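Enquirer: One predicted model, sequence on top.
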Amino acid sequence: MAVAFENIKTGIDILRQFLVPKMFTVKLLEFAESEGILSVMRETGNSPVRTFGGGSDNLWTREEFYSAVHRRLGYETGNAVRKRMLAILLDFLEECGHISQKKPGIYTYNADAKTTSPLSSEDMEVMREIFGDQSMFFDKCIEYAGDFLKGKNYLFGFNKGMEDVWNRFLGNYEFSFARDVLLKLMTVDTIPDCNILDLCYGTGHGLERICRDFPDADITAIDFTDDMRPFAMSRLGKVASKVKWIDAGRWNGFGSNLPFEVMVFDMIFFSCGDPYIPEHLREGVYRDIFRVLKPGGILGVIAWGYPDRSKRHIQNEWVRRGIYIHDFAESVCNGWHGFRDIDSTIKMTRKIGFVGANAVFNNFYMLDSAVWMFKRPEV
Ligand SMILES: C[S@@+](CC[C@H](N)C(=O)[O-])C[C@H]1O[C@@H](n2cnc3c(N)ncnc32)[C@H](O)[C@@H]1O
């Protein structure tokens, strides 16, 4: 326990330097400037035919902003994913003080916003050493974001040939730390020889840890594609043969029922998959997870919540910025639907019947809203 505690403390100390959000705040602002998004904001609303605001105030609504970037930058704002990216960018710029709302829904550009300083050379060194893979992924996504907004196809998907990209990104320090913490929490009051499901195993980062932390458990792995399976198996080495791999032919992904009987798993580990569930299918997906959990079984989820305006759930400005940056960047990946409203998640999971339906941490630096445990009550 003492070692686990030391590891967690070290992890928090590293994450709470907020190097990734600090570096990418600068990069996302540079993106908004170089794409011409900030000049659209500076100029939108300066037309003399404004119907509100009047005077020399530069006031505009979200819809006016979307139509201005469509007209001037060629962004496909009729597409829901691209429009959502722009909405995230607005929230991010507001968080950074570059725009503000004069009245709800009516924005203005702030020319005198505080600038964010680039990282020092020592911080850059830590960044490269510890957060290099996360940073490379965000860099590629943000570099591509302009083309994507103009209608180009997705940059990355979960198909063959993408294993290395996902493996490097998904193995990043922040996610690895979150998986470790969640698995430690799930171990408490769980029998060691239990049935565990890794839902959407990807390149196998979660599975590797599940095999390590639950050596006596029966472990099942499922994903909607088999394309990453050889990679995940080679990561596990000899232990791969202990895992029961479900062929993708037996599951069509979110929206179709998991190919299991009712009440078979003691634990379901669902890491970084929630943002890939289409909104209209989300409740059904969680109902199905509930169905296959045994009474008393635990669902562990890693999924950041979208920063709430009231700052009741997520207060720290760097955590908030980090979540906006991540959500914006990963939007260029096929199937991404984004981080979800925290209150809606709590309401939905309670409605289904889960108890303890809350993010485990509040005000816990990088993990605010990210690590969730839900329990199917004993009958
Ligand atoms: C970001 S990866 C997370 C992988 C792994 N759980 C981890 O923590 O490293 C997202 C996962 O969701 C899966 N996925 C994406 N779209 C899906 C869909 N429509 N239905 C089911 N799974 C999907 C991918 O195959 C991938 O395994």
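Expert: Thanks, I have it. Numbering: from 1, shown residues only.

Enquirer: remind me which residues of the stretch 101-250 of the chain are low pLDDT?
Expert: 189-192 (pLDDT under 70).

Enquirer: For it, what lies in contact range of the ligand?
Expert: Phe158, Leu170, Cys200, Tyr201, Gly202, His205, Gly206, Asp223, Phe224, Thr225 (Cβ under 6 Å from any ligand atom). Heads up, the C-betas are built off the backbone N, CA and C, glycines and all.

Enquirer: Apply 8 Å and report the result again.
Expert: Neighbours of the ligand within the stretch 101-250 of the chain, by Cβ under 8 Å from any ligand atom: 158, 166, 169-171, 175, 179, 198-206, 223-225, 228.

Enquirer: Show me these that map onto helices.
Expert: Mapping those onto helices (DSSP state H) picks out Trp166, Phe169, Leu170, Phe175, Arg179, His205, Gly206.

Enquirer: Would you reformat these as a markdown table and include neighbour count?
Expert: A markdown table is the format used below for those (neighbours: other Cβ atoms under 10 Å):
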| residue | neighbour count |
| --- | --- |
| Trp166 | 20 |
| Phe169 | 24 |
| Leu170 | 21 |
| Phe175 | 19 |
| Arg179 | 24 |
| His205 | 22 |
| Gly206 | 28 |
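
Enquirer: which of the residues you listed lies closest to Ser39?
Expert: Checking those against Ser39 by Cβ to Cβ gives Phe169 as the nearest, at 31.6 Å.

Enquirer: Next, Arg128: secondary structure please.
Expert: In three-state terms, and counting by DSSP: H, G, I helix; E, B strand; the rest coil, Arg128 is helix.

Enquirer: Who are the contact partners of it?
Expert: Ser135 (Cβ atoms under 8 Å, 6 or more residues apart in numbering).

Enquirer: care to break the protein down by domain?
Expert: Annotated domains of the chain cover 11-153, 163-304+339-375 [automatic domain parsing].

Enquirer: and of these, who's closest to Ser331?
Expert: domain 11-153 (4.7 Å).

Enquirer: the strands in the stretch 1-150 of the chain, which residues?
Expert: Using DSSP state E, counting those that start in this stretch, the strands of the stretch 1-150 of the chain run over residues 59-61, 99-103, 106-109.
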